[in-house]
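sharing a model prediction with you, sequence too.
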Amino acid sequence: MDTAALKMSWAQVVTLGDQAAAYFYAALFSLDPSLRSMFPAYMGAQRDRLLTALGHIVSNVDDTDTLVAFVEQLGRDHRRFEVQPQHYPVVGQALLHTLAHGLGPAWTDQLAADWAAAYGIVSKAMIEAAAAAEPFEPAWWDAEIVSHERRAGDIAVLTVRPQGEIRYRAGQSLAVESHLRPKVWRYMTPANAPRRDGTIDFHVRAVAAGQLSPALVYQSREGDVLRLGAPIGNRLTVAAGPGPDLLLLAGGTGLAPMKAIIEQLAAGLDDRKVTLVVGAASRWDLYDQADLNQLADDLRWVQIITALSDDFVAGPPVTAVEAALRNGSWHDRKIYVCGSPAMVAGTCQVLRDEGYASANVHVEQFDDKTYAPLRAALTPERVFEEVTRP
C-alpha cells in the first residue's frame, strides 16, 4: 500500500470541500437508501465532519499507534448510531466512488486497490473495537432530566440521572442526544465529579443557529429522557494524587469542567492550590455565581477571580487570561482552559506570547476550522469531537 499516494490523492479530493462530502452522501444513500434514517435531517455540519475524519485518518496513515487508537475509538463511538458490521462495505463503496469522481483521470487501478486496502484496515479495526466494547458498556445510557433551571436568559443547568453507572473522570465529555433533535449528538462536559447517586450536571448555553443546545435550554423539561454516549477526552483531566498547583481559565459554560476538577480534588483531600478565573461578558452572564461563592467559602485553597470583558460599569473590561496575568505569574502551575473556540484560541495565543510552555497548557482540541489559531498555538493532541459523530 502506497501511503504517499493515499495522502497525495486525498489532498486533491479535499480541495473540492463540501462538494466531495455531498457526493459521498449522495452515493451512500443511492447505494442503500435505508442508511438515510441514521443521520440527522440537516446534513450541513455532517459534511464537514466526514472530511475531518477522513483527513485525520489519512494524515496519520504512517503513524500506526495514533491511527489505531483513533479508529478504535471511532468504532466504539459509532455504536450509539446503531452502526452494524454490514454497513461498512457500502460506506467503502461510496468512498471509492467519491474518490474516483474527485480525482478523474488521476484515479488508477493501483490507487483504487490502495484505498480499498486502507479502508479495509480501518473498517476492520472499527468493527472489532465495537464488538470488544459491547460486553462492558452500552451503546448509550438513557438519562432522565430531574432538574432544569434556566439561568442568565440563554443558559440552563440540567441535572440528569442515567440508568446505570457511567464511569467518567472530571474533565471528560459525554455525547448528548435529545428526542427533540433526533440523531443530533453534541459533546457536553459534566460540571461535577462522579457522584454516589450517579446524577450529572450539564451547563448549556443556547448557541445561535445551533441544533441541539437551544432545544435543551428552551424546550426540554423535567422528565424528558436524553441519551448519553461514552466518556471521551483526557486533556482536561487531572491525575489523582500529589501534583502541581492549578490555574483554571473558564469562559462562559466552560466553567463546567473546572467545577468538576475542583470537586475531584476536594473529594480526594488534595491540598494543592487552585486559582479559578471565571470570564463572562457582564455581571448578568455570571450564571453560577451563588455556587461559586459557596465554593470559595467551603474550600479555602480555592481562589476565585471574576473577569468581565464587556461590562464597563463594573470597571475596565478584562478577559480571563488578562485577569490571571494581572494577578500573578503562573509558570509553576498546570493551566487548564475551556470556553468558546474564540476564547480558547485567544487565551492560548496570549499564554504563548507570554512565554508559557505549551506542555503546561491543557485544552481539549477540536479538529475544526474554528480552532485553527489554537492548533497553531499548541502542539496538536488527540482529535475527538468533530470526528466522532456519524
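Happy to help now that I have it. Residues are numbered from 1 along each chain as shown.

CA only for contacts and neighbour counts going forward, please
Noted.

low-scoring stretches of the stretch 201-350 of the chain, by residue?
312-314 (pLDDT under 70).

do a quick rundown of the helices in it.
Under the criterion DSSP state H, counting those that start in this stretch, the stretch 201-350 of the chain contains helices at 213-214, 255-267, 289-298, 320-326, 341-353.

pull the number of nearby residues for the residue lying closest to G233 once chain neighbours are set aside.
Spatial nearest neighbour of G233, chain neighbours left out: Q172 (5.3 Å); criterion: C-alpha to C-alpha, 6 or more residues apart in numbering. As a burial measure, Q172 scores 24 neighbours (other C-alpha atoms under 10 Å).

quick one: Q172 and Q219, what's the gap?
For Q172, the distance to Q219 equals 26 Å [C-alpha to C-alpha, to the nearest Å].

picking up where we left off before, got CSV for the helices of the stretch 201-350 of the chain, with distance to N192 too?
Output for these, formatted as CSV (distance: least, C-alpha to C-alpha, whole Å):
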stretch, distance to N192
helix 213-214, 19
helix 255-267, 4
helix 289-298, 12
helix 320-326, 21
helix 341-353, 21
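
so I127 is in which element?
Assigned by DSSP states H and E, I127 falls within helix 109-133.

run the chain-centre distance for that helix.
25 Å (C-alpha atoms, centre = their mean, to the nearest Å).

if you count contacts, what does it end up packed against?
Other helices and strands packing on helix 109-133, by 3 or more C-alpha pairs under 8 Å, 6 or more residues apart in numbering; DSSP states H and E, are helix 3-14, helix 64-77, helix 88-103.

for the stretch 101-250 of the chain, what spans make up the strands?
141-151, 155-162, 174-178, 186-188, 200-205, 225-228, 246-251 (DSSP state E, counting those that start in this stretch).

for S282, find the nearest of those.
strand 246-251 (11.7 Å; C-alpha to C-alpha).

tell me which residues are up against the closest one.
For strand 246-251, contacts defined as C-alpha atoms under 8 Å, 6 or more residues apart in numbering pick out 258, 272-280, 320-321, 330, 333-340, 343.

list the buried residues in stretch 89-99.
Applying a neighbour-count criterion of 16 or more other C-alpha atoms under 10 Å, one finds V90, V91, G92, Q93, A94, L95, L96, H97, T98, L99 buried in stretch 89-99.

of the residues you listed, closest to V160?
V91 (35.0 Å).

I figured that closest one hits F29, correct?
No. Assessed by C-alpha atoms under 8 Å, V91 is found out of contact with F29, at 9.6 Å.

ok, A100 - contacts?
W107.

for the closest residue to A256 other than its chain neighbours, phi and psi?
Distances taken as C-alpha to C-alpha, 6+ apart put A191 closest to A256, at 3.9 Å, once the chain neighbours are dropped. Main-chain torsions, A191, degrees, to the nearest 10: phi -100, psi 20.

quick check: A191 touching K259?
Yes. Here A191 lies in contact with K259, judged by C-alpha under 8 Å, at a distance of 5.6 Å.

pick out whichever of these two has more residues nearby.
Shown here are A191 and K259; by other C-alpha under 10 Å, A191 has more neighbours (28 against 23).

how about that one, what does it touch?
Applying C-alpha under 8 Å, 6+ apart, the residues near A191 are I200, D201, F202, H203, L255, A256, P257, M258, K259, A260.

repeat that for V363.
Counted by C-alpha under 8 Å, 6+ apart, V363 has contacts R235, L236, Y336, V337, C338, V344.

just the buried ones from the residues you listed, in ChimeraX syntax?
In ChimeraX syntax, the buried subset of those is picked out as below (16+ other C-alpha under 10 Å):
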select :235,236,336,337,338,344
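
what's the closest of the contacts of V363 to D224?
Closest to D224, out of all of the contacts of V363 and judged by C-alpha to C-alpha, is C338, at 27.9 Å.

who are the contact partners of the closest residue in space to that closest one that isn't next to it in sequence?
On the basis of C-alpha to C-alpha, 6+ apart, the spatially nearest residue to C338 that is not a chain neighbour turns out to be G254, at 4.6 Å. Contacts for G254 were tallied using C-alpha under 8 Å, 6+ apart; they are V337, C338, G339, S340.

return the member of the residues you listed nearest to G355.
Nearest to G355 among the contacts of G254, with distances taken as C-alpha to C-alpha, is V337, at 16.2 Å.

go ahead and confirm the closest one touches V361.
Yes. Using C-alpha under 8 Å, V337 is in contact with V361, at 7.4 Å.
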